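In: Sequence and predicted model, in that order:
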Amino acid sequence: MLLASLSLLRQPLTFVATKWQTLIRIAGNPYRPELHYMRGPGPKWHAKYHASRLDRRL
């Protein structure tokens, strides 16, 4: 009786344990790309706006 009830609980408990492990793995990941995405204007921006600033001085 006890063995049968444990085998019935095994599949739902395995599912919950798998989901819990996935959640912990995702939450514990230290890499956050939004912190590294934009670090300021790039070379195309500098070329465009630096040239327009030089034209204004003339």
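Out: Nice, thanks for sending it over. Numbers count the residues shown, from 1 in each chain.
In: all helices of this structure, in order?
Out: Assigned by DSSP state H, the chain shows helices spanning 2-27, 43-57.
In: can the ones you listed go into TSV with extra columns for mean neighbour count?
Out: Heads up, the C-betas are built off the backbone N, CA and C, glycines and all. Formatted as TSV, those follow (neighbours: other C-beta atoms under 10 Å):
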stretch	mean neighbour count
helix 2-27	9
helix 43-57	9
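In: and residue 31, how many neighbours does it have?
Out: 6 (other C-beta atoms under 10 Å).
In: measure it to residue 5 for me?
Out: 42 Å (C-beta to C-beta, to the nearest Å).
In: Equivalent analysis for residue 36, please.
Out: From residue 36 to residue 5 the distance is 50 Å (C-beta to C-beta).
In: for residue 23, same thing?
Out: 27 Å.
In: Also residue 41?
Out: 65 Å.
In: residues in contact with residue 14?
Out: Contacts for residue 14 (C-beta atoms under 8 Å, 6 or more residues apart in numbering) come out as none.
In: any idea how far residue 4 is from it?
Out: Distance from residue 14 to residue 4, counting by C-beta to C-beta: 17 Å.
In: Ok, residue 34 next?
Out: From residue 34 across to residue 4, the span is 50 Å (C-beta to C-beta).
In: can you check residue 32 too?
Out: Relative to residue 4, and taking C-beta to C-beta, residue 32 is found at 47 Å.
In: now residue 21
Out: 27 Å.
In: One more: residue 16?
Out: Taken as C-beta to C-beta, the span from residue 16 to residue 4 is 20 Å.
In: Could you do residue 13 as well?
Out: 15 Å.
In: go on, residue 39?
Out: From residue 39 to residue 4 the distance is 60 Å (C-beta to C-beta).
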